[in-house]
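Engineer: Need a 3D model of the following:
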Amino acid sequence: MTRLVPCILWGAGVAGWYAIRYPHEARARRTPVRRVNDRLWEAVLLGISSIGLLVVPLAWAVTGWPGAADYAISPVQVAAGALVFAGALRLFARTHRDLGKNWSAALKVRENHRLVTGGVYARVRHPMYAAFWLWAFAQALLLPNLVAGGVGLAGFGTLYFLRVGREERLMLGMFGDEYRAYMARTGRLIPRRRLGRPERP
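Structural biologist: Model (predicted):
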């Protein structure tokens, strides 16, 4: 199989992501912001993630560089990647719908911000991060190049591990015991089977 089909599927997934996010971005620009945390640091993390999930794979798809990292790909691997990306988009759309006006790309506190614990957030605190992890895994499966495929995991992983703890500390500062109770009954990325002590932020 040539790289054309995997590239088309990856591009369709990225286009689907943007189609889902665009109306929420437009609405977010109209919603007043009460507080923004670490604006420069947030820009750096978002930039690193974008390099891994968008810039490098697009450069490879267009130019073929670095061709030395290419490998042969099977139809089964392509199908698996497409299914994982479809799951990522479905979860991505659900998280935006459930968050509503509380959504923002960076760590922002909006006017009348409330803690969302329903819908997909009932058992998982960070389903949007889970959706991006699925995107990164789908990219690794779809793109038959060790660099272009794997850099999404590195790029988004950098954002996730350097941000998620700060985000949870922000939520604890805003919602206190309500968020502690929420942490006790949910997992960060995977639903928790039983109640337990909250994870450390």
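Engineer: Buried residues of stretch 157-166, list them for me.
Structural biologist: For stretch 157-166, a neighbour-count test (16 or more other Cβ atoms under 10 Å) marks Gly157, Thr158, Leu159, Tyr160, Arg163, Val164, Arg166 as buried. Bear in mind the C-beta positions are built from the backbone N, C-alpha and C, glycine included.
Engineer: Is it correct that Phe137 is in contact with Gly149?
Structural biologist: No. Between Phe137 and Gly149 there is no contact under Cβ atoms under 8 Å: 9.8 Å.
Engineer: between those two, which one's more packed in?
Structural biologist: More crowded of Phe137 and Gly149, by other Cβ atoms under 10 Å: Gly149, with 27 against 20.
Engineer: Helix, strand, or coil at Arg192?
Structural biologist: Classification of Arg192 by DSSP: H, G, I helix; E, B strand; the rest coil places it in coil.
Engineer: Tell me how many other residues surround the nearest residue to it once chain neighbours are set aside.
Structural biologist: Spatial nearest neighbour of Arg192, excluding adjacent residues (Cβ to Cβ, 6 or more residues apart in numbering): Thr186 at 5.9 Å. Applying other Cβ under 10 Å, we find 22 residues neighbouring Thr186.
Engineer: what's the closest of the buried residues of stretch 157-166 to Gly81?
Structural biologist: Nearest to Gly81 among those: Gly157, at 18.0 Å, using Cβ to Cβ.
Engineer: what residues are up against that closest one?
Structural biologist: Ala136 (Cβ atoms under 8 Å, 6 or more residues apart in numbering).
Engineer: ok, now with 10 Å
Structural biologist: Contacts of Gly157 were listed using Cβ atoms under 10 Å, 6 or more residues apart in numbering, and they are Ile48, Ser49, Gly52, Phe132, Trp133, Ala136.
Engineer: Grab the CA positions of stretch 71-87 and hand them over as CSV.
Structural biologist: Extracted C-alpha coordinates of stretch 71-87, given in CSV (Å, rounded to 0.1, in the frame of the first residue of the first chain):
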residue,chain,number,x,y,z
TYR,A,71,8.2,1.6,6.4
ALA,A,72,5.8,-0.7,4.7
ILE,A,73,2.2,-0.5,6.1
SER,A,74,-0.5,-3.1,5.9
PRO,A,75,-4.2,-2.5,5.2
VAL,A,76,-5.1,-3.9,8.6
GLN,A,77,-2.9,-1.2,10.3
VAL,A,78,-4.5,1.5,8.2
ALA,A,79,-8.0,0.3,9.1
ALA,A,80,-7.1,0.2,12.8
GLY,A,81,-5.7,3.7,12.6
ALA,A,82,-8.9,5.0,10.9
LEU,A,83,-11.1,3.4,13.5
VAL,A,84,-9.1,4.9,16.4
PHE,A,85,-9.2,8.3,14.7
ALA,A,86,-13.0,8.0,14.3
GLY,A,87,-13.3,7.1,18.0
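Engineer: so where's the protein shaky on pLDDT?
Structural biologist: Where the chain drops to pLDDT under 70, the residues are 28, 30-37, 105-112, 193-201.
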